[in-house]
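Novice: make a model of this:
(one chain, ligands or ions: 1)
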Amino acid sequence: MHEELDRVIGSDRLVNMDDKAALHYTNAVINEIQRLANIAPQTPIHETSKDVTIHGHLIPKGTSIIPQLALVLMDEEIFPRPEEFRPERYLNSKGELTKCDALIPFSIGKRICAGESLARMELFLFIANVFNQYKILAPPGKMPSLKPSLGGIPMPKPYKVKLVSRFGKHGKVNGMNGI
Ligand code: HEM
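Specialist: Below is the predicted model:
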């Protein structure tokens, strides 16, 4: 990620939305974060508006259903070795980002997340800028666990990391020094 950010952005400005299309690896990292650490493993309750048959099973009109997004995001036929964090799974042989229809952290259909565009923008600007300005180091032998805490919205267990400026003590970009 740092190699790509150094090549495309450099140290003298903030990353902005115009950079998104050129940052293939950074986008792939965000995709993999959203797959492995999705904040919504299932959707709120939906209801079938007509009879539906899936693989021979009839789900009558009016049935309450709770689509399990995590089952798709962790499907090993779509995402081999799903428990591993591998951004490369979204890149082609030229290192370009590819579209992955099964990556559905915002759900699909009529009730798809209404904040998807905003959330995608925030994730990109925050992650790309923090990683451009800082190295994020875990204490020796204490990598944060990838296992979420239990609860409706999966959260990381408490962990410690150190942010080290990549461009000198106070950074070079106005507005990033306070992080
Ligand atoms: C990483 C961030 C986010 C994720 C992964 C996420 C994911 C989801 C999911 C899975 C649903 C349920 C969709 C369904 O019922 O099929 C949902 C619904 C919704 N989300 Fe998000 N969301 C995120 C951020 C946001 C933000 C930032 C906003 C608003 C600013 C937002 C607003 C909504 C609303 C209003 C709904 C209900 C849509 C409806 O029922 O028609 N979300 N979101």
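Novice: when you work out contacts or count neighbours from here on, use the C-alpha atoms and nothing else.
Specialist: OK.
Novice: which SSE is the residue positioned nearest the centre of the chain in?
Specialist: Geometric centre of the chain, nearest residue: residue 34, 2.5 Å, by C-alpha atoms, centre = their mean. Following DSSP states H and E, one finds residue 34 within helix 24-36.
Novice: hmm, back to that, and for the residue nearest to the centre of the chain, nearest residue in space, chain neighbours not counted?
Specialist: Counting by C-alpha to C-alpha, 6 or more residues apart in numbering, residue 105 is the residue found nearest to residue 34 once chain neighbours are left out, at 6.3 Å.
Novice: and what of residue 24?
Specialist: Leaving aside its chain neighbours, residue 24 sits nearest to residue 97 (5.2 Å; criterion: C-alpha to C-alpha, 6+ apart).
Novice: confidence score at the one you found?
Specialist: Among the per-residue scores, residue 97 holds a pLDDT of 98.
Novice: for it, which residues make a bridge with it?
Specialist: When bridges are assigned using DSSP bridges, the partners listed for residue 97 are residue 91.
Novice: which residues does residue 166 contact?
Specialist: The contact partners of residue 166, by C-alpha atoms under 8 Å, 6 or more residues apart in numbering, come to 132, 133, 134, 135.
Novice: which bits of the chain sit near the ligand?
Specialist: Proximity of the chain to the ligand, by C-alpha under 6 Å from any ligand atom, involves residues 38-40, 43-44, 105-108, 111-116, 118-119.
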